[in-house]
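Chemist: got a predicted model here, sequence first, then my questions.
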Amino acid sequence: MKQYVSVTAIFDEDGNLLPINIVWEDGRKFPIDKVTDVRYAASLKAGGAGIRYTCQIGGKERYLFLEDQRWFVDAKQPLK
């Protein structure tokens, strides 16, 4: 299931859009420690497709998707 989230992102000096934190629906913020991969991909769990950011959050790998100007994560993949 898709869980749409708010994301704070920046453009780097090369013009790449990089997320720096995720704001969950209850207001909790999760800083993104590192983005390890960016590619167009489908979300096999949540459905849909977009630019998939492979992120390190709290020492764990998570996928964050940008689809049609909206960010989402797989809600079955809880952030802690």
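Modeler: Looks like it arrived, so ask away.

Chemist: got any ranges where the protein has weak pLDDT?
Modeler: 75-80 (pLDDT under 70).

Chemist: centre-most residue in it?
Modeler: With distances taken as Cα atoms, centre = their mean, Leu64 lies nearest the centre of the chain, 2.2 Å away.

Chemist: mind checking the SS state of that one?
Modeler: Per DSSP: H, G, I helix; E, B strand; the rest coil, the secondary structure class of Leu64 is strand.

Chemist: nearest residue to it in space, please, no chain neighbours.
Modeler: Spatial nearest neighbour of Leu64, excluding adjacent residues (Cβ to Cβ, 6 or more residues apart in numbering): Tyr53 at 4.5 Å. Any C-beta I mention is one placed from the backbone N, CA and C, and that applies to glycine too.

Chemist: name the element that neighbour belongs to?
Modeler: Element membership for Tyr53 (DSSP states H and E) is strand 49-57.

Chemist: list the strands paired with that strand, with their directions.
Modeler: strand 34-42 (antiparallel), strand 60-67 (antiparallel) (DSSP bridges).

Chemist: surely the residue nearest to the centre of the chain touches Ile51?
Modeler: No - using Cβ atoms under 8 Å, Leu64 makes no contact with Ile51, being 9.1 Å away.

Chemist: so Gly59 versus Pro31, what's the distance?
Modeler: Gly59 is 12 Å from Pro31, where distance means Cβ to Cβ, to the nearest Å.

Chemist: give me the distance between the most far-flung residue of the chain relative to its centre and Gln69.
Modeler: In the chain, the residue that sits farthest from the middle, by Cα atoms, centre = their mean, is Glu13; the gap is 20.4 Å. Distance, Glu13 to Gln69, by Cβ to Cβ: 23 Å.

Chemist: quick one: closest of the strands paired with strand 49-57 to Val7.
Modeler: Comparing the strands paired with strand 49-57 against Val7 with Cβ to Cβ, the closest turns out to be strand 60-67 (7.1 Å).
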